[in-house]
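Engineer: Okay, predicted coordinates and the sequence, questions at the end:
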Amino acid sequence: MFIIFFCCVFFFLFCLLFMFLGDSLSCIECVNATGLSCTGSGVICPEGSVCGSHYTVTESGGSVSVTVSRKCLPENQCRSSGSYSFVNVKIKTATSCCNTNNCNPSLPQWSSRSSEPNGVTCPSCSSPGSVVCYSGETMQCTGNENICFMRSSTIAESQLPSSVRGCGTQNICNAEFKSTSPGLTNVLFFCRNKVSDQRMPKCSPLM
Ligand SMILES: *[C@@H]1O[C@H](CO)[C@@H](O)[C@H](O)[C@H]1NC(C)=O
């Protein structure tokens, strides 16, 4: 009698466990700072997550570098793609997602980048080591990069601040936008909507 009772209790707990495990998605977590693919071990995601891959392509001078980071992502971060440019650097990012255990999201569809000037002019500068940047230089924005931004970040190795200004797509200003740049942490974007306003304060981080 007791044995049957314990078997039932055990079976019940077993079912309960499966119900909970069945609900949670597992995703690979990894970073590759020098390529578009990576593998790692699976982690159980918080509820409401999907498996996401976040890609960043950086063109600087003549060289192109790519990075990917894979992890559990809130679903609203799956369409976080955009691009921005400053001085002679062009960065584009895209995220793709899938939602089965340890699935590998497909490579994103990059929209081709127009080099046609769009009439917007933004301050353009890069100042590693400084919280703000101002060079007096401007750049002509192209394609759908029609917003002036400032990106502040921390250089991971030296813990020094770093700041750049240039042109970007509107969505880089969204809170969900993420850009994984190798070697940078605390990456934040500050934007201003009145894109052609030339009376931009020279040193304000909030442009
Ligand atoms: C990074 O990606 C490159 C090219 O896709 C690949 O050859 C390399 O093995 C990857 N490195 C890691 C750590 O996954």
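Structural biologist: Structure's in. What do you need?
Engineer: and the residue in the chain positioned nearest to the ligand, backbone torsions?
Structural biologist: Going by Cβ to the nearest ligand atom, the ligand is nearest to Gly35 of the chain, at 1.8 Å. Every residue, glycine included, has its C-beta placed from N, CA and C. Per-residue torsions, Gly35: phi -170, psi 170 (degrees, to the nearest 10).
Engineer: Name the SS class of the spatially most central residue of the chain, please.
Structural biologist: By Cα atoms, centre = their mean, the chain has its centre lying nearest to Lys178, at 2.5 Å. At Lys178 the chain is in coil, as set by DSSP: H, G, I helix; E, B strand; the rest coil.
Engineer: Might one say that it is in contact with Gly82?
Structural biologist: No - applying Cβ atoms under 8 Å, one finds Lys178 not in contact with Gly82, separated by 9.8 Å.
Engineer: anything in contact with each of the two?
Structural biologist: Residues touching both Lys178 and Gly82 by Cβ atoms under 8 Å, 6 or more residues apart in numbering: Thr93.
Engineer: Which residues of this structure lie near the ligand?
Structural biologist: Within the chain, the positions adjacent to the ligand are Asn32, Thr34, Gly35, Leu36, Ser37, Cys38 by Cβ under 6 Å from any ligand atom.
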